[in-house]
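Chemist: build the 3D model from these lines:
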Amino acid sequence: MQTIAPSIPTLDTPDLTYTDWTVIETQFSPDLLHARETVFTIGNGYLGTRGSFEEGYPQDLSATFIHGVFDDVPIVYTELANCPDWLPIALSINGETFRLDQGTVLKYQRQLDLQQGILSRTVRWSSPNGRTVDLHFERWASLDNPHVLAVRCEITPVDFDGFVEVQASLNGYPENQGFNHWELIQQGKQDHSIWLSSRTRGSRIQLGMTAQLNIVGADATPQGTSVPGYPTLSATFLVNEGQTYAVEKLIAVFTSRDVEDPLAAALSELSALTDYKTLRAAHRAAWAHRWTYSDVDIEGDLRAQLAIRYNLFQLLICGSSTDERVSIPAKTLSGFGYRGHAFWDTEIFILPFFTFTQPETARRLLSYRYHTLDGARRKALHYGYKGAMFAWESADTGDEVTPRWALPNQPYGEDVRIWCRDQEIHISADISYAIWQYWQATGDDVWMRDYGAEIVLDTAIFWSSRVDLNIKSERYEIREVIGADEYHEHVSNNAFTNRMAQWHLEKALYLYEWLLEQYPEKAAALNVKLNLSQERRSRWQDIVQCIWIPYDPSTGLIEEFEGFFKLKDIDLADYEPRTKSMQALLGIEGANQRQVLKQPDVLMLMYLMRFTQAFPYSEEWLRVNWDYYAPRTDITYGSSLGPAIHAILASDLEKVSEAYERFMQAAMVDLEDVRDNAADGIHGASAGGLWQAVVFGFGGIQLKENDGPSATPHLPPGWTRLRFRLHWRGQWYDFDLRPPEASRQNYPDIRGVIFDLDGVLTDTAEYHYRSWQKLADEEGLFFNRQANEALRGVSRRDSLLRILGDRKVPEDKLEDMMERKNLYYISFIQDISPKDLLPGALTLLQDLRKNNIRIALGSASKNAQGVIERLGIAEYMDAIADGYSVENSKPAPDLFFYAAQQLGLEPQHCVVIEDAASGIDAALAANMWAVGLGPAERVGKAHLVLPHLAGLAWHDLLVKLSELERKEASVSR
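Modeler: Model prediction:
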């Protein structure tokens, strides 16, 4: 029997569970502090706030970033300034300070509600002196009014009467990892409120922030204090056991980018606010409206459903609804990574989501590039070129802010030169591509006339000054560049760059003629401003016709850049398993000398040309180039920009299983921190690419100018429905896609899942070992952990017989020994609880329930019922087959036959998940699908071998088993 295993790296995240709209953290781990601060980021398009705790935590990275609030770090770079912190709420319970690093956390849950844009946290905390209190926090950044923020804390004493002191503050000393961008102007208190006025040190942007505090359920009047840089509202009140009290903190914030006097505006806004519940209702209504146009609904795959909504939420909270002088940073407004700079990530990966669902936001994002044209012109002039040359990394002015050097990883290593600022020039064409796509999708002629045309034409002037004429070959070339694949620097005639420049000039020529015909006055004005002479436009045409793109016309294989095929070839399988990028393993120069890609380059070009079926896109050429470049792409640890693009192209090629693997790799990049860098902030490009993978890949959307968008779906196995909306030329198109009946019949007909208990849902092996060891010690029998390992899946009686070996004992003695062992085991498992569920178990059970899959327990244990009740999963079990159910234990199939019978299913419609060889044998003997957890030497007979349940969903099982079924059918033919 063939065995297959997953190829995507997944992390062990037992504490994250999902519903279709919520991300739930079930326990707090300090080791995940910074990554989870990113995961639980909230925002409203004006600002973003990381998911740090209101009461603080040692070494946390608390941050609030407001769009456009940039400041300079001396010598090094320009960055988004971490703004004054609006979150702080300090609680003192009968004189003891509440903190998660003090006392005892008895219960914990943090939840991000994507549908309503609300982050909440519930904690049962026992103080060092033993007083227990229930706390429930919730916070949100109003989508209805972007200048309003709110945080609420409910306090319920569990076992004491006493007093609570609350201190709600504004922290005027935020840091960007050690550097404070703010200087205090003034602060104060008035009418039970506090306020803070600060200014950035270099850019001189002023900020005004105000807050008020309301106590619900107690007679308390907050009093203001004014510690420098930390204005605070304090209140102390009596509390009684079992009663709930609440503190509500409302905040208003403005900057001088918004209004002339931000403090006055913040004070005025605060005084006009209604109550907390009314403001929250307006916020929730605004989110309901936003999701109406932007939601993607997936049926049949809970994990994918949550993942797409999570990533879209992170995009929606960083797209400004008012400001056309800001873009979306590569790490959104969620972390310190890339210092808040904008890359091509925005235009190529993120913008399509907004173009087709929130076109007004897309318009503003593109207008940012218009307002930073002068910075692009300064860069072109600096490098000796004409026109506008957009910065690889851009901040507020459009000037280049990519650091020139990066520090080495080793103490005595050399500084690393960052060549992207000089050589990754394709961004100018990428921006024009996004402008063109927006224009085609919206028909917004006015914006193109007033903004877009000047960008496209001035950057076309740059290209005409950047290309070189090779007189000998009679062709134009572009030398010393970095393409989309950043593992290769200082290359010439990169196919992606050359073709994008050619495409850019084609559109510039078209756009100029369009202006002459439709808006001659604007054409005349740009003629004067940009010197769009006939001679210049003739050169554009000449470049279009003669620029060199290296490819073999007989095969369709495109060479990534001149000389790429001469580099040393590589087989990435030789480097597995690994947890680092190929550049980290090979070194910068080592990767530069090999045919290994950081991310799609030729394939990225194929994708961008796919929309209009322009050269070099064709299905035949795509297949040729996919077969060559996909195996050489570091898709797991290279760039996060790659997996979503591979998912789309794999869908085009009907490689549905691979498309889904890449899709989920992109989907979970932050939620499961698969690249170990979620702490730096959300992977914005991956989030935007994910939407494109669903709509253009699985949805198969094609955009036709005269007919509008049409769908040719390629839904992954298990997806029973896919729904989304697209905006095209002033109309909304609703897509409700389902797999064809024939496709559905090709899926394995699995209707039930039977779980073993030990080693699958929980790990009671230690309790069993201790019980057998105690019995063996009493009886003078040899027993150790290795012997215990051999008892996996074996009944109690057979286990005892194995321990006894050749020693003969009467039946009554056997019964006594088994009973004693069982009593020891029962005593040991009394403390078992939901926290003892193995990683991924609860999420998979919830996913199966949502997809109407019947669930049974198939365990030889006679204590199974009590264990699953203590684990809190009894409600998920439709049937239980345990040590009392049948006489013959595993490897006999009787137990699984009984479970299937209780589910009302035939054996062939069931899949068994086991961690023991005897259980796998029993499943196969029952003619059921077998999934083995653990090493292949133990469970290798199973159809599918997995390391654990973490990250596994019902859809994952269906895809893998479907793939196996197809392979076996192919072999049998």
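Chemist: when you work out contacts or count neighbours from here on, use the C-alpha atoms and nothing else.
Modeler: OK.
Chemist: now stretch 831-844, how far from the chain's geometric center?
Modeler: Remark: stretch 831-844 is offset 24 Å from the chain centroid, using C-alpha atoms, centre = their mean, to the nearest Å.
Chemist: same question, stretch 602-614
Modeler: Stretch 602-614 has its C-alpha centroid displaced from the chain centroid by 25 Å (C-alpha atoms, centre = their mean).
Chemist: ok, and what's touching it?
Modeler: 484, 495-496, 499-500, 558-560, 615-618, 622, 625-626, 629, 645, 649, 702-703 (C-alpha atoms under 8 Å, 6 or more residues apart in numbering).
Chemist: just stretch 765-779 next, same as before
Modeler: With C-alpha under 8 Å, 6+ apart as the test, stretch 765-779 has contacts from 758-759, 782-785, 788, 817, 820-822, 824-825, 828-829.
Chemist: among the residues you listed, the buried ones, what's the PyMOL command?
Modeler: Filtering those down to the buried ones (16 or more other C-alpha atoms under 10 Å) takes a single PyMOL command:
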select buried, resi 758+759+783+788+817+820+821+822+824+825+828+829
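Chemist: among the contacts of stretch 765-779, which one lies nearest to residue 841?
Modeler: For the contacts of stretch 765-779, the closest approach to residue 841 (C-alpha to C-alpha) belongs to residue 759, at 10.7 Å.
Chemist: state the distance from the closest one to residue 892.
Modeler: 19 Å (C-alpha to C-alpha, to the nearest Å).
Chemist: surely residue 591 forms part of a helix?
Modeler: Yes: using DSSP: H, G, I helix; E, B strand; the rest coil, the assignment for residue 591 is a helix.
Chemist: please name the nearest non-neighbouring residue to it.
Modeler: Leaving out its chain neighbours, the residue that sits closest to residue 591 by C-alpha to C-alpha, 6 or more residues apart in numbering is residue 583, at 5.4 Å.
Chemist: repeat for residue 918
Modeler: residue 891 (4.5 Å).
Chemist: what does the one you found show for phi and psi?
Modeler: The phi/psi pair for residue 891 (degrees, to the nearest 10) reads phi -90, psi 10.
Chemist: now do the contacts for it.
Modeler: Residue 891 is in contact with 918, 919, 920, 921, 922, counting by C-alpha under 8 Å, 6+ apart.
Chemist: and for residue 68?
Modeler: Per C-alpha under 8 Å, 6+ apart, neighbours of residue 68: 80, 257, 325, 326, 395, 396.
Chemist: same question for residue 381.
Modeler: By C-alpha under 8 Å, 6+ apart, residue 381 lies in contact with residue 387.
Chemist: and the next helix or strand past the helix or strand harbouring it?
Modeler: Residue 381 is located in helix 373-382, with elements delineated by DSSP states H and E. Once the chain leaves helix 373-382, the next helix or strand it forms, by DSSP H and E, is strand 405-406.
Chemist: what strands line up against that following strand, and which way round?
Modeler: Under the criterion DSSP bridges, strand 405-406 sits next to strand 416-417 (antiparallel) in its sheet.
Chemist: quick one: average pLDDT of whichever helix or strand comes after the strand it pairs with?
Modeler: Following strand 416-417 in sequence order, the next helix or strand is helix 420-423 (DSSP H and E). The pLDDT scores in helix 420-423 average 97.
Chemist: let me see the ranges of the strands in the stretch 601-750 of the chain.
Modeler: Assigned by DSSP state E, counting those that start in this stretch, the stretch 601-750 of the chain shows strands spanning 701-704, 708-711, 721-728, 731-737.
Chemist: all helices of the stretch 351-500 of the chain, in order?
Modeler: Per DSSP state H, counting those that start in this stretch, the stretch 351-500 of the chain has helices spanning 351-357, 359-371, 373-382, 420-423, 427-442, 445-447, 453-466, 495-518. These are given in chain order.
Chemist: export these to JSON lines and tack on distance to residue 548?
Modeler: Formatted as JSON lines, the helices of the stretch 351-500 of the chain follow (distance: least, C-alpha to C-alpha, whole Å):
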{"stretch": "helix 351-357", "distance to residue 548": "29"}
{"stretch": "helix 359-371", "distance to residue 548": "29"}
{"stretch": "helix 373-382", "distance to residue 548": "23"}
{"stretch": "helix 420-423", "distance to residue 548": "18"}
{"stretch": "helix 427-442", "distance to residue 548": "17"}
{"stretch": "helix 445-447", "distance to residue 548": "33"}
{"stretch": "helix 453-466", "distance to residue 548": "14"}
{"stretch": "helix 495-518", "distance to residue 548": "7"}
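Chemist: so which of these is nearest residue 681?
Modeler: Nearest to residue 681 among these is helix 351-357 (18.5 Å), distances taken as C-alpha to C-alpha.
Chemist: so how far is the closest one off the chain centroid?
Modeler: When distances are taken as C-alpha atoms, centre = their mean, helix 351-357 is centred 18 Å away from the chain's centroid.
Chemist: please apply the same query to stretch 170-180.
Modeler: 27 Å.
Chemist: kindly format the C-alpha coordinates of that stretch as CSV.
Modeler: Extracted in CSV, the C-alpha atoms of stretch 170-180 (Å, rounded to 0.1, in the frame of the first residue of the first chain):
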residue,chain,number,x,y,z
LEU,A,170,-2.1,57.1,28.0
ASN,A,171,1.5,56.1,27.5
GLY,A,172,3.4,58.9,25.9
TYR,A,173,6.7,57.0,25.9
PRO,A,174,6.3,54.4,23.1
GLU,A,175,9.4,53.0,21.5
ASN,A,176,10.4,51.7,18.2
GLN,A,177,12.5,48.8,19.6
GLY,A,178,14.6,51.2,21.7
PHE,A,179,14.1,54.5,20.0
ASN,A,180,11.4,57.0,21.1
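Chemist: need the contact partners of it.
Modeler: 61, 63, 73, 81-88, 181-182, 184, 195-196, 198, 209, 211, 229-232, 336.
Chemist: below-threshold pLDDT in the chain: ranges please.
Modeler: Of all residues in the chain, those with pLDDT under 70 make up the ranges 1-14, 75-76, 741-746, 792-793, 968-973.
Chemist: how many neighbours does the closest residue to residue 734 other than its chain neighbours have?
Modeler: Once flanking residues are discounted, residue 734 sits nearest to residue 725: 4.6 Å by C-alpha to C-alpha, 6+ apart. Residue 725: 19 surrounding residues under other C-alpha atoms under 10 Å.
Chemist: alright, that wraps it up for me.
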